[in-house]
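In: dropping a prediction and its sequence here:
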Amino acid sequence: MKFPFFVLSTVILLAGCQSTAFDLKDDVLFQQTIPVCTTDDECKKIWVAARQWVMKTTPQGLATDTAERLQTKPADDESFSWETDITVSKVPLGSGKYQIIMETWCSMTINSCDTERRLMRRFNKDMARYVSSGQSQEVLRIFAEGDDINALFSSYAASLTEADLRKHAQKYYLPTTVISGDNVRQLDSADEVTAFLKETRAGLGDSKIVRIEAKNRQLLSSNKTTAIVKLQWGFYDSSDDLQYTQKATYNLIKVGKGWKIIFISFDE
């Protein structure tokens, strides 16, 4: 059974985890700021910088050191506090452009992996100085102003009160179009958004859903003012067991320092 949308929201394999399913492909801030080199000279400079960054960040040295891949020697099982498994890959985009993607590994069985998330973001920020000035300025602006797309989707919490719904409604840029199967609906006001959310809340309430989570977020495209994000909502009961999932695609628009939703399409 699938439910349509309840609350507003928020591909590259970015990270993994030893013995768990942990990864960072839902970290849209990381996706927004992946460095891209566009010339041979730029690519050489950023690759040298990436190698130096890895060697400085963790002490175990490199097991792989090529023009397309850097990979550290495995961290000692008893040295997780000061050694980190890191891989950096040079991924072709075509037309002589390459993404420089850093991955790191952790175990959710012993920690939350928040440190690894911050490390991946720091790599992108540190590498920004070696790419084009325009890209560098945009990456640093995202970090400085905190206008990452994650901020939009992380605002949706477990509480499903009417007050929360009205706060969620402010995340829409009106009018907003919502498509679910053959049903097309236009929401022209915050009251209409709130009413729509209440309707869906009623259906979810019957199944005792108390928490939702935006999972597997994928940034399909973005620029300074627009973005397209695909994700999967997970609906959890009071025991925090996953009950239902719903895939959706969001068209976003930048308003001031934040992102708002202007179009939503739900998969059947």
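Out: The structure has been received and is ready for your questions. Numbering: from 1, shown residues only.
In: now do the SS call for Asn124.
Out: The three-state label given to Asn124 by DSSP: H, G, I helix; E, B strand; the rest coil is helix.
In: wait, it sits on Phe30?
Out: Yes - with contact defined as CB atoms under 8 Å, Asn124 counts as touching Phe30 (6.4 Å). All C-beta spots, glycine's among them, are computed from the backbone N, C-alpha and C.
In: low-confidence stretches in the stretch 101-250 of the chain?
Out: Along the stretch 101-250 of the chain, segments meeting pLDDT under 70 span 106-112, 146-147, 154-160, 203-207.
In: what ranges do the strands span in it?
Out: Remark: strands assigned in the stretch 101-250 of the chain by DSSP state E, counting those that start in this stretch are 172-180, 183-187, 209-222, 226-237, 242-255.
In: how about those strands in TSV, adding mean neighbour count and distance to Val193?
Out: Output for those, formatted as TSV (neighbours: other CB atoms under 10 Å; distance: least, CB to CB, whole Å):
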stretch	mean neighbour count	distance to Val193
strand 172-180	17	5
strand 183-187	12	5
strand 209-222	17	16
strand 226-237	18	17
strand 242-255	17	14
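In: out of these, flag the one nearest Lys97.
Out: Among those, strand 209-222 comes nearest to Lys97, with 15.2 Å by CB to CB.
In: adjacent strands (with direction) for that closest one?
Out: As defined by DSSP bridges, the strand partners of strand 209-222 come to strand 226-237 (antiparallel).
In: tilt between the strand it pairs with and strand 242-255?
Out: Here the directions of strand 226-237 and strand 242-255 differ by 150 degrees (axes from the mean of the first three to the mean of the last three CA atoms, to 10 degrees).
In: would you state the helices of the stretch 1-150 of the chain in chain order?
Out: Using DSSP state H, counting those that start in this stretch, the helices of the stretch 1-150 of the chain run over residues 28-32, 40-57, 114-127, 133-145, 150-153.
In: out of the strands of the stretch 101-250 of the chain, which is closest to Phe153?
Out: Comparing those by CB to CB, strand 209-222 comes nearest, at 4.6 Å.
In: so what's the gap between the closest one and the chain middle?
Out: How far strand 209-222 lies from its chain's middle: 8 Å, per CA atoms, centre = their mean, to the nearest Å.
In: could you do stretch 187-207 as well?
Out: 26 Å.
In: still on that earlier bit, so of the helices of the stretch 1-150 of the chain, which one's packed in deepest?
Out: For these, the largest average neighbour count (mean count of other CB atoms under 10 Å) is found in helix 28-32, namely a mean of 23.
In: tell me which other helices or strands it touches.
Out: Packing contacts for helix 28-32, counted by 3 or more CB pairs under 8 Å, 6 or more residues apart in numbering; DSSP states H and E, involve helix 114-127, helix 150-153, strand 209-222.
In: want to throw the strands of the stretch 101-250 of the chain into CSV with distance to Ile34?
Out: Shown next, in CSV, are the strands of the stretch 101-250 of the chain (distance: least, CB to CB, whole Å):
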stretch, distance to Ile34
strand 172-180, 26
strand 183-187, 33
strand 209-222, 9
strand 226-237, 14
strand 242-255, 18
